[in-house]
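Student: got a predicted structure plus its sequence, pasted below:
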2 protein chains.
Amino acid sequence: MGKTSKSDLSTEEKIKEAARKVFTQKGYAATRTRDIADEAGINLALLNYYFRSKEKLFEIIILEKMHLLLGRIAPVLMDEKTTIEQKVEQIATHYIDTLMANPDIPLFVLGEIKTNPAKFATLVNTKTKIVDSAFFKQLKARRPDINPIHFVFNILGLIIFPFIGKPLLQLITGVKPAEIQTLMNERKTQIKIWVEAMLNA
Amino acid sequence: MGKTSKSDLSTEEKIKEAARKVFTQKGYAATRTRDIADEAGINLALLNYYFRSKEKLFEIIILEKMHLLLGRIAPVLMDEKTTIEQKVEQIATHYIDTLMANPDIPLFVLGEIKTNPAKFATLVNTKTKIVDSAFFKQLKARRPDINPIHFVFNILGLIIFPFIGKPLLQLITGVKPAEIQTLMNERKTQIKIWVEAMLNA
DNA sequence: GCAATATTTAATCAAATGATTAAAATTTTT
DNA sequence: AAAAATTTTAATCATTTGATTAAATATTGC
């Protein structure tokens, strides 16, 4: 069934790999199925043979990427045994590592969620509500005067925004990719400190 | 020349208004010129008569939106007479007001910059480099141990990310639009406090 | 080795889409 | 009001694009 022989991937996996690249780079609407086929080194009909349609292939990829962006967050937030600071550190280091390896994901996922929120509603709703998590309880105990969602915005903004704003910041500051890489690594330790400072402010 | 008579706009302005709505909502690739024409209540040929092509019309709109997103930032950062805190407060209040009225802009502009950074290079480069601004000097004096770009990321992340992450946060927290509006207003005063705390951390 | 099955391709289709054209309708000028 | 200029439209093109089909090629089971 098109299995891999030695060095290279199966055809199905080659197509998925190409789809990951093209979809995350250009988004659903700007992606041509022919681009994916070319990138995978196969014919267009083969793509439809394996995945039936552009839409079906896209759903596989976007769900995969959503899982990459969200899958790790729930268990950390639910953990009753770790402190706020430990949760922030875990999330920051994990996400910055993940996003350095997959810098296109935030804009891709957030863009597609905005395009079609209904499609993702079911996917996310199955999970336990984050509003009832240990993290939310801890935040409410620590700062009863501030809506916990503020800190969720703050933490995600500190982690994710640099990856979304990178092209703009390169434009307006002229910062080089190598320097950005250094900055991202610094943020893995700094964000914990900054969030702590905000919690005490 | 198709000027407005009384209550309604000129045809040219009706098309631009429709283009603003459709382009910012769906992005360049997903936008159909027919959608813009329908939204404007005019025929498709008229759109090309006035603006020559989809691409030309798009450039007018995206430059307009980029100006809205960036135009106000440079003068604030250059001002030698205001403190860091005053600059942050000015930028936060101005941007949150602007983005509450135009919530689609960040994802739209950042997405299109990423698609074609070269197109915006010239536009942004004409301005004085922000790296040489009073704001950067002040940040370096205040925290010589931290790259000022970190704080630019932090401030823009705190301001802009909530607008980009809103659909996701609605999905995972179930927060209602009205509550988000309240949160956004709270952030106009909180961000200044949080940034100050981060600067002292 | 040969038949059955699975994989791959070239050619083609139908619909969508950006753009043009030539004519009709409207407005402006005189 | 007639002529000229402008504005608007319906019809149509050429290309792009997602998808299908039927035939060719390769692989697998016996």
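Tutor: Perfect, I can see it now.
Student: give the contact list for the spatially closest residue to A:V131 that is not a sequence neighbour.
Tutor: Using CB to CB, 6 or more residues apart in numbering or on different chains and skipping the chain neighbours, the partner closest in space to A:V131 is B:T173 (5.3 Å). C-beta here means a position set from N, CA and C on the backbone, and glycine is covered the same way. When contacts are counted by CB atoms under 8 Å, 6 or more residues apart in numbering or on different chains, B:T173 touches A:129-131, A:149, A:152.
Student: mind giving me the PyMOL command for buried ones among these?
Tutor: Selecting only the buried entries of the contacts of B:T173 in PyMOL, with 16 or more other CB atoms under 10 Å in any protein chain shown as the criterion:
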select buried, chain A and resi 130+149+152
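Student: kindly reformat the contacts of B:T173 as CSV containing pLDDT and secondary structure.
Tutor: Compiled in CSV, the contacts of B:T173 are given as follows (pLDDT from 0 to 100; DSSP: H, G, I helix; E, B strand; the rest coil):
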residue, pLDDT, secondary structure
A:K129, 76, coil
A:I130, 82, helix
A:V131, 87, helix
A:I149, 96, helix
A:V152, 96, helix
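Student: restrict the contacts of B:T173 to contacts with DNA strand D.
Tutor: By CB under 7 Å from any atom of the strand, no member of the contacts of B:T173 lies near DNA strand D.
Student: redo the contacts of B:T173 as TSV? Include distance to B:I73.
Tutor: As requested, those are exported to TSV (distance: CB to CB, whole Å):
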residue	distance to B:I73
A:K129	37
A:I130	33
A:V131	34
A:I149	26
A:V152	26
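Student: quick one: which of the contacts of B:T173 is nearest to B:M184?
Tutor: Lowest distance from B:M184 to those (CB to CB) belongs to A:I149, with 11.0 Å.
Student: what is the least confident helix or strand in chain A?
Tutor: When each helix and strand of chain A is scored by mean pLDDT, DSSP states H and E, helix A:117-125 comes last, with a mean of 77.
Student: is the helix or strand that that one is followed by up against chain B anywhere?
Tutor: The helix or strand immediately downstream of helix A:117-125 is helix A:134-142, counting by DSSP states H and E. No. Helix A:134-142 lies apart from chain B when judged by CB under 8 Å from any CB of the partner chain; the minimum separation is 8.8 Å.
Student: which elements pack onto helix A:134-142?
Tutor: Here helix A:134-142 touches helix A:73-78, helix A:84-101, helix A:148-173, going by 3 or more CB pairs under 8 Å, 6 or more residues apart in numbering or on different chains; DSSP states H and E.
Student: ok, and the closest non-adjacent residue to A:I180?
Tutor: That would be A:K166: by CB to CB, 6+ apart, it lies 6.3 Å from A:I180.
Student: who in chain A is up against DNA strand D?
Tutor: When proximity is defined as CB under 7 Å from any atom of the strand, chain A approaches DNA strand D at A:3, A:31-34, A:44-45, A:48-49, A:52-55.
Student: strands - which of the residues you listed land there?
Tutor: Among the residues of chain A next to DNA strand D, no member falls in strands (criterion: DSSP state E).
Student: least confident of those residues?
Tutor: On pLDDT alone, A:K3 ranks lowest of the residues of chain A next to DNA strand D, at 31.
Student: tell me the mean pLDDT over stretch A:190-199?
Tutor: Rounded mean pLDDT across stretch A:190-199 is 98.
Student: so what touches it?
Tutor: A:84-85, A:88-89, A:92, A:142-143, A:151, A:154-155, A:158-159, B:146, B:150, B:154, B:194, B:197-198, B:200-201.
Student: look up how far A:A101 lies from the residue sitting nearest the centre point of chain A.
Tutor: Closest residue to the average C-alpha location of chain A: A:L69 at 3.1 Å, with CA atoms, centre = their mean. Using CB to CB, to the nearest Å, A:L69 is found at 12 Å from A:A101.
Student: what does A:K21 give?
Tutor: For A:K21 relative to A:A101 (CB to CB), the value is 13 Å.
Student: again, but for A:I60
Tutor: Per CB to CB, A:I60 is found 20 Å from A:A101.
Student: ok, these two, which is more surrounded?
Tutor: A:I60 (14 against 9; other CB atoms under 10 Å in any protein chain shown).
Student: which residue is the nearest non-sequential neighbour of the more buried one?
Tutor: A:K16 (6.9 Å).
Student: in stretch A:60-76, what's buried?
Tutor: Those buried within stretch A:60-76 under the rule 16+ other CB under 10 Å are A:61-62, A:65-66, A:68-70, A:73-74, A:76.
Student: quick one: average confidence on it?
Tutor: Stretch A:60-76 comes out at a mean pLDDT of 90.
Student: now what about that stretch, what contacts it?
Tutor: A:16, A:19-20, A:23-24, A:28, A:51, A:82, A:87, A:90-91, A:94-95, A:98, A:102, A:105-106, A:108-109, A:112, A:120, A:123-124, A:127-128, A:130, A:133, A:135, B:172.
Student: of the residues you listed, keep whichever come out buried.
Tutor: Applying 16+ other CB under 10 Å to the contacts of stretch A:60-76 flags A:16, A:19-20, A:23-24, A:28, A:51, A:82, A:87, A:90-91, A:95, A:98, A:102, A:105-106, A:108-109, A:112, A:120, A:124, A:130, A:133, A:135, B:172 as buried.
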